[in-house]
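**Q** quick one: sequence and predicted model below, then my questions.
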Amino acid sequence: MKLRTRITLSVSLCFGVVVGGLALEGQLQEWSAARRYRETLLTGYRNTWSGVAGSELQRLAAAIPLLTRNDDAVRALARRDPDGYANSLKDLLPVLRDGSIPATFEVATLDGRLFFSTVLHELAVDYPALHPDRNPAAPQILSIGLIDAVLRAGQPLTGLLMQTNGCYGLTVAFPLLDRSGPVAVGALYFSANQLLPAFAASVGAPAFLLHINGSPVADADPGPWRPLDPSHKLIDHTGLRTDVQGKQVLTLAWLALPDLFNREVAILLTVEDITIQYWREVVISFLYQGGILVALALFLGGLYWYLRRAFRPLNQVVDVLNALTRGETGLPTIVIGSTRDDEIGRLANTADQFRQAQAARTQLLVIRKELNIATRIQRSLQPINFPDRKELAVFAELHPFSEVGGDFYDFFDLPDGRLGLVIADVSDKGIAAALFMAFARTVIHTIAQIIPEPGDCLERANHLLSHDNAASMFVTTFYGVLNPASGELCYVNAGHNPPYHIMVDGKVAALARTGGMALGVMDDLAFVERKLALAPGERLLFYTDGVTEAINEASEEFSTHRLENTLAVAPASPREMIAAVVAAVQTFAGAAPPTDDLTLLALLYRGTGEAVND
């Protein structure tokens, strides 16, 4: 190894180790300190909020005996007499209203209708007689879910809850009983925003509530949140970050607040202006790093001057290597005779050959990388969480012919409770088929959520796929919608191989065709629907032509006949049934390479009764 190489490598290694070690150590310490500060700060905020909210909830809970042990109120509630109930609480209502934090009280019957509310009582000159059967107003707090939770718990529930007006309240919900048992549910609550001043005073920073999606609560004071850039959204439900907006720097700390069902429903946010401290640290850091860079530049400049002077005879070779490093195809001029076979000539020739080889290898790696990315993207489009429910079980497999293919399957729950099942085959192979497949799957999946009926869904999908179809590609499709409760399958076959119906006794029959044409061929096509009633224990197998058209070494096709024989003896489990078909095809093909994508989707219908042993 030459002297210049040894010096360069030694200096580079020393600087790399020292600078890298210092940078890594500093970064690790900074991350550790930031993590500890974040955890400590958010834990303190969470404990402070719990303490502030807990004390007020205890105050509300202390009023429960005054409400539940009021004999006049209990009798009026049993008689469904709102006027009598209001009169029985006339001494208690001012206490709730005039407390340190005014509280609201409402009562709802077990079916969720409002019986009494201090809000309406205070707004009306004469308290309107609420009657649950006429439901004059909706409860603010007591939803059907909360009423059910209180009745199941049999004791008061306390915590944060979203009101029907989109605001948040701290609530104590409790059952109201008579001798026969629960007759209604009551709730004492007050706006959570009323706790923010006490919380802000405790943590020393302005605070307010946001919805769980990061938007401000309707009745909240926007405070310091107003000047923030709307694009700086809160990504996580709990976190700490610093936002720089022009000359102003703000520290945001937020944590998710659970409701009494332990669901994260709101975000408690504090915003603190740290502009002066932030810019002071920026200036100090800039001066420190600038000094290091200046010292390093001076040292490297001196070293470069020394090496340039000491190794001037090799400047031409260095110029060539620098050109190769920059990826240039034209090398600097080097006078090398045709008969010169010294070190410089051999090095220049070898460097040029290496550059050409590297360019070809890089191009090949780029193509391979793009194919791998396309393969991962295509596989990610296929659902992998197969349903295994009391009523049914589904499983599917896709074996592409190359890195990417044109087959796809899909299954999804529809808004009306039914299950959509799709299998399709694009008319081409490779990248073009994969792109058209992704488009077709997205179109069918999206339209099915809006138009679940198979005929109307494929008619709309065909319109979109036919529009501006410059490549003249099409996709054969089978789309069925299964009602898990009744076992009824409503389906449309758009030019696809008909699926097989495997009955409990082992008989195998292909589903009747519907006469539909493949999607994307032409616009304005109507698709006829057919229906099939599945009995418990019966199965369906959807497949593409890669199964039946698989070829062995004698150029024979697997055919539908062999597929039917395989299905007649296949296990009942969808996974095992597909495994049996794949094994049969692979055994038949032997050493012959595949010629098409192979896709299978299996369904076992168990019915709504006891599950069939599969």
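**A** Arrived safely. Numbering: from 1, shown residues only.

**Q** tell me the domain boundaries of the protein?
**A** 30-273, 328-376, 382-605 (automatic domain parsing).

**Q** deepest-packed of the ones you listed, please.
**A** domain 382-605 (a mean of 19; mean count of other CB atoms under 10 Å). Using the backbone N, CA and C atoms, a C-beta is placed for each residue, glycine as well.

**Q** what about it, start to end distance?
**A** Taking CA to CA, to the nearest Å, domain 382-605 runs 22 Å from one end to the other.

**Q** do stretch 548-565 as well
**A** First-to-last distance for stretch 548-565 - CA to CA - comes to 12 Å.

**Q** next one: stretch 501-520
**A** 28 Å.

**Q** quick one on the thing from earlier: JSON lines please, covering the domains of the chain and showing mean pLDDT.
**A** Listed next are the domains of the chain as JSON lines, based on pLDDT from 0 to 100:
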{"stretch": "domain 30-273", "mean pLDDT": "80"}
{"stretch": "domain 328-376", "mean pLDDT": "59"}
{"stretch": "domain 382-605", "mean pLDDT": "90"}
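
**Q** with distance to residue 280 as extra columns, can I get these in CSV?
**A** Listed next are the domains of the chain as CSV, based on distance: least, CB to CB, whole Å:
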stretch, distance to residue 280
domain 30-273, 11
domain 328-376, 46
domain 382-605, 52
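
**Q** nearest to residue 284, out of these?
**A** Distance to residue 284, taken as CB to CB, is lowest for domain 30-273 among those, at 14.4 Å.

**Q** now residue 267: how far from residue 256?
**A** To residue 256, residue 267 is 6 Å away according to CB to CB, to the nearest Å.

**Q** residues shared between the contacts of these two?
**A** Listed contacts common to residue 267 and residue 256 are 212, 237; contacts here mean CB atoms under 8 Å, 6 or more residues apart in numbering.

**Q** could I get the phi/psi values of the nearest residue to residue 592 once chain neighbours are set aside?
**A** Nearest residue to residue 592 in three dimensions, chain neighbours excluded: residue 553, at 4.8 Å (CB to CB, 6 or more residues apart in numbering). Dihedral angles phi and psi of residue 553 (degrees, to the nearest 10) take the values phi -70, psi -20.

**Q** surely residue 553 meets residue 591?
**A** Yes. Contact criterion CB atoms under 8 Å: residue 553 and residue 591 qualify, at 6.0 Å.

**Q** on that earlier part again, show me what contacts the residue nearest to residue 592?
**A** Residue 553 sits in contact with 589-592, where contact means CB under 8 Å, 6+ apart.

**Q** and those, which is closest to residue 260?
**A** Minimum distance to residue 260 across those is 61.0 Å, recorded for residue 589 (CB to CB).

**Q** shouldn't that closest one be in contact with residue 549?
**A** No. Applying CB under 8 Å, one finds residue 589 not in contact with residue 549, separated by 10.8 Å.

**Q** distance of residue 185 relative to residue 523?
**A** Distance, residue 185 to residue 523, by CB to CB: 58 Å.

**Q** again, but for residue 179
**A** Remark: distance between residue 179 and residue 523 (CB to CB) = 72 Å.

**Q** all helices of the stretch 1-150 of the chain, in order?
**A** Assigned by DSSP state H, counting those that start in this stretch, the helices in the stretch 1-150 of the chain fall at 3-62, 64-68, 71-78, 82-88, 93-97, 118-123, 144-153.

**Q** which among those helices is found nearest to residue 465?
**A** Residue 465 sits nearest to helix 144-153 of all the helices of the stretch 1-150 of the chain, at 42.9 Å, using CB to CB.

**Q** what's that closest one packed up against?
**A** Contact analysis of helix 144-153 by 3 or more CB pairs under 8 Å, 6 or more residues apart in numbering; DSSP states H and E lists strand 157-162, strand 168-178, strand 181-191 as its packing neighbours.

**Q** immediately after the last one, which helix or strand?
**A** It stands for strand 181-191. Sequence order places helix 196-203 as the next helix or strand after strand 181-191, per DSSP states H and E.

**Q** what strands flank the host helix or strand of residue 267, and is each parallel or antiparallel?
**A** Using DSSP H and E, residue 267 falls within strand 264-273. With DSSP bridges as the test, strand 264-273 is paired with strand 207-211 (antiparallel), strand 248-258 (antiparallel).

**Q** show the subsequent helix or strand relative to the first one.
**A** In other words, strand 207-211. By DSSP H and E, the next helix or strand past strand 207-211 is strand 239-245.

**Q** that next one: how far from the chain's middle?
**A** 24 Å (CA atoms, centre = their mean, to the nearest Å).

**Q** elements contacting that strand?
**A** helix 3-62, strand 248-258.

**Q** will you turn the ones you listed into TSV that also has distance to residue 119?
**A** Listed next are the helices and strands packed on strand 239-245 as TSV, based on distance: least, CB to CB, whole Å:
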stretch	distance to residue 119
helix 3-62	16
strand 248-258	24
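
**Q** the ones you listed: which one's closest to residue 271?
**A** strand 248-258 (5.4 Å).

**Q** if we can go back for a sec, now distance to residue 482 too, for the strands paired with strand 264-273, in CSV please.
**A** Shown next, in CSV, are the strands paired with strand 264-273 (distance: least, CB to CB, whole Å):
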stretch, distance to residue 482
strand 207-211, 37
strand 248-258, 38
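
**Q** out of these, the one nearest residue 422 is which?
**A** strand 207-211 (36.1 Å).

**Q** angle of the closest one against strand 181-191?
**A** Our comparison of strand 207-211 with strand 181-191, counting by axes from the mean of the first three to the mean of the last three CA atoms, to 10 degrees, yields an angle of 130 degrees.
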